[in-house]
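**Q** what shape does this take:
(one chain, ligands or ions: 2)
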Amino acid sequence: MTQKNTIAVLGGGSFGTAIANIIAGNGHDTRQWMRNADKAAKCQEARENSFYLPGVPLHENVQVTSDLQAAVQDCEIVFVAIPSSSFREVVRLSAPSLQENCILVSTTKGIEPGGFKFMSNVLHEEVPGARVGVLSGPNFAKEIVANHYTATVVASEQEDVCRTIQQVLHSDTFRVYSSEDVFGVELAGSLKNIYAIVTGMAAAIGVGQNTNSLLITRSLAEMMRFADALGADPMSLIGLAGVGDLILTCSSDLSRNYRVGYMVGQGKPLEQAIADIGQVAEGVNTVKLIKHKADELGVYMPLVSAIHAILFEKCPIPEVIKGLMSGAQTFDVAYSVKN
Ligand SMILES: NC(=O)C1=CN([C@@H]2O[C@H](COP(=O)(O)OP(=O)(O)OC[C@H]3O[C@@H](n4cnc5c(N)ncnc54)[C@H](OP(=O)(O)O)[C@@H]3O)[C@@H](O)[C@H]2O)C=CC1
Ligand SMILES: O=C(CO)COP(=O)(O)O
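**A** Ligands and ions are numbered 1, 2, ... in the order given. Coordinates of the predicted model:
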């Protein structure tokens, strides 16, 4: 029998709601914070987040509130499921009411705009001395709440943080693997969004399975090259947070990033595609940041350059594909366990 905790989830979107339901289902007192008071009241009253996960009952142990300080007060653990663009602002506002020694876990798969900081960096900066973890893996919120068998990864430099989060989230349908490589896991979760846009676009122009397989595999090669250049362990990219999430989001229109790519592939302007999704697609901002970093470091990332050219440089898709197909034919596998 695991200990009963008081746990907050910051974020009223689909993933925050899915995580809150898992925690509550394991018997913990769960508070879900959302910024919009009307939405919070409706969710609390109707026992359903009809805005992001319609038709899914909220577990009775979930209390929804728009009062941030009340949400985090006395919590042993706080999950932060806020888009990267607002993540720092929310953590900063909550900081004064956080219990000393509480565990902070980011579920956000993105990089802060205007710099190159991951959410674990933001948590450490805003709450010095915090015990920090990150959660990432092939985890569509809709499938989690439908109880499809799912696994994820918690990464932390502190082993007891991983163990606690594993206990809090483990259920009959949800498994949590651990990792010490916070940077590798965050990098994986952020990078895969870019390639979900690429494969979504490819699907829209009618490519076959050969092409999809080519794209996913070469995406992984780029991800590993980039991780290596940044001093992360490329091998972390072959776990659930890397390959697992890459396969998931590059193969399904449940992915919002994939859907953005699909719509742009059909000829819709990027801004319109983002508006039509109505939820966060982190990959759009991540493309810009990774392209800039890859250029700075001299890392060869042809797919990142290609999608950047299409989304932000107005390059026609057929021309970009021609460029990709006529590029240098290099080594297939650049890493070996023997090295
Ligand atoms: N959905 C999924 O399947 C998964 C998502 N993730 C990651 O989780 C993170 C959150 O995603 P998800 O829940 O899906 O996102 P959604 O788009 O479903 O929801 C975003 C939520 O963030 C809130 N929000 C936006 N801006 C602010 C702000 N300035 N202050 C406070 N709240 C704000 C929105 O509030 P409002 O409604 O008021 O606009 C909404 O509740 C993302 O980084 C995503 O990559 C990870 C795994 C799976
Ligand atoms: O990360 C996800 C599933 O693991 C969700 O992907 P999207 O953000 O593209 O919807």
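**Q** contact residues of the protein facing ligand 1?
**A** Residues of the chain found near ligand 1 (CB under 6 Å from any ligand atom) are 11-16, 34-36, 39, 51-52, 81-84, 86, 89-90, 107-110, 139-141, 279-280, 282. The C-beta positions use only the backbone N, C-alpha and C, and glycine is treated the same way.
**Q** of these, which are in range of ligand 2?
**A** 109, 139-140.
**Q** from the residues of the chain next to ligand 1, which land in strands?
**A** Per DSSP state E, strands hold no members of these.
**Q** buried subset of these?
**A** Buried members of the residues of the chain next to ligand 1, counted by 16 or more other CB atoms under 10 Å: 11-16, 34, 39, 51-52, 81-84, 90, 107-110, 139-141, 280, 282.
**Q** show me what whichever helix in the chain runs longest is packed up against.
**A** Secondary structure of the chain per DSSP state H: the longest helix is helix 182-204. For helix 182-204, the elements it packs on are helix 119-126, strand 131-136, strand 150-155, helix 209-229, helix 245-249, helix 256-265, helix 283-297, helix 302-312, judged by 3 or more CB pairs under 8 Å, 6 or more residues apart in numbering; DSSP states H and E.
**Q** wait, does that helix contact ligand 2?
**A** Yes: judged by CB under 6 Å from any ligand atom, helix 182-204 comes into contact with ligand 2 through 193, 196.
**Q** average pLDDT across that helix?
**A** Averaged over helix 182-204, pLDDT sits at 98.
**Q** angle of it against helix 302-312?
**A** Angle, helix 182-204 to helix 302-312, by axes from the mean of the first three to the mean of the last three CA atoms, to 10 degrees: 60 degrees.
**Q** which one is the residue of the stretch 51-200 of the chain found nearest ligand 2 nearest to, not counting chain neighbours?
**A** Residue of the stretch 51-200 of the chain nearest ligand 2, by CB to the nearest ligand atom: residue 139 (4.3 Å). The shortest distance from residue 139 to any non-neighbouring residue, by CB to CB, 6 or more residues apart in numbering, is to residue 152 (5.3 Å).
**Q** and the one you found, what pLDDT?
**A** pLDDT, residue 152: 98.
**Q** which residues touch it?
**A** Taking CB atoms under 8 Å, 6 or more residues apart in numbering, we find residue 152 in contact with 135-139, 169, 174-177, 240-241.
**Q** in a markdown table: those, plus pLDDT.
**A** Listed next are the contacts of residue 152 as a markdown table, based on pLDDT from 0 to 100:
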| residue | pLDDT |
| --- | --- |
| 135 | 98 |
| 136 | 98 |
| 137 | 98 |
| 138 | 98 |
| 139 | 98 |
| 169 | 98 |
| 174 | 98 |
| 175 | 98 |
| 176 | 98 |
| 177 | 98 |
| 240 | 98 |
| 241 | 98 |
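**Q** any idea which of those residues is the one closest to residue 221?
**A** residue 241 (16.9 Å; CB to CB).
**Q** let me see the contact set for the closest one.
**A** Per CB under 8 Å, 6+ apart, neighbours of residue 241: 136-137, 152-153, 155, 179, 184-185, 188-189.
**Q** report the buried residues of stretch 95-112.
**A** The neighbour-count check on stretch 95-112 (16+ other CB under 10 Å) flags 97-98, 102-112 as buried.
**Q** cool, and stretch 231-251?
**A** For stretch 231-251, a neighbour-count test (16+ other CB under 10 Å) marks 232, 234, 236-246, 248-251 as buried.
**Q** and what of stretch 55-64?
**A** Result for stretch 55-64 [16+ other CB under 10 Å]: buried residues 56, 58-59, 61-64.
**Q** what's the answer for stretch 178-192, then?
**A** For stretch 178-192, by 16+ other CB under 10 Å, it's 178-179, 181-192.
**Q** repeat for stretch 274-290
**A** In stretch 274-290, counting by 16+ other CB under 10 Å, buried: 274, 280-290.
**Q** and those as TSV, adding pLDDT?
**A** Formatted as TSV, the buried residues of stretch 274-290 follow (pLDDT from 0 to 100):
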residue	pLDDT
274	97
280	86
281	95
282	96
283	98
284	97
285	96
286	97
287	98
288	97
289	97
290	98
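**Q** now flag whichever of the residues you listed is closest to residue 202.
**A** residue 283 (14.3 Å).
**Q** how close does that closest one get to ligand 2?
**A** Residue 283 sits 7 Å away from ligand 2, taking CB to the nearest ligand atom, to the nearest Å as the criterion.
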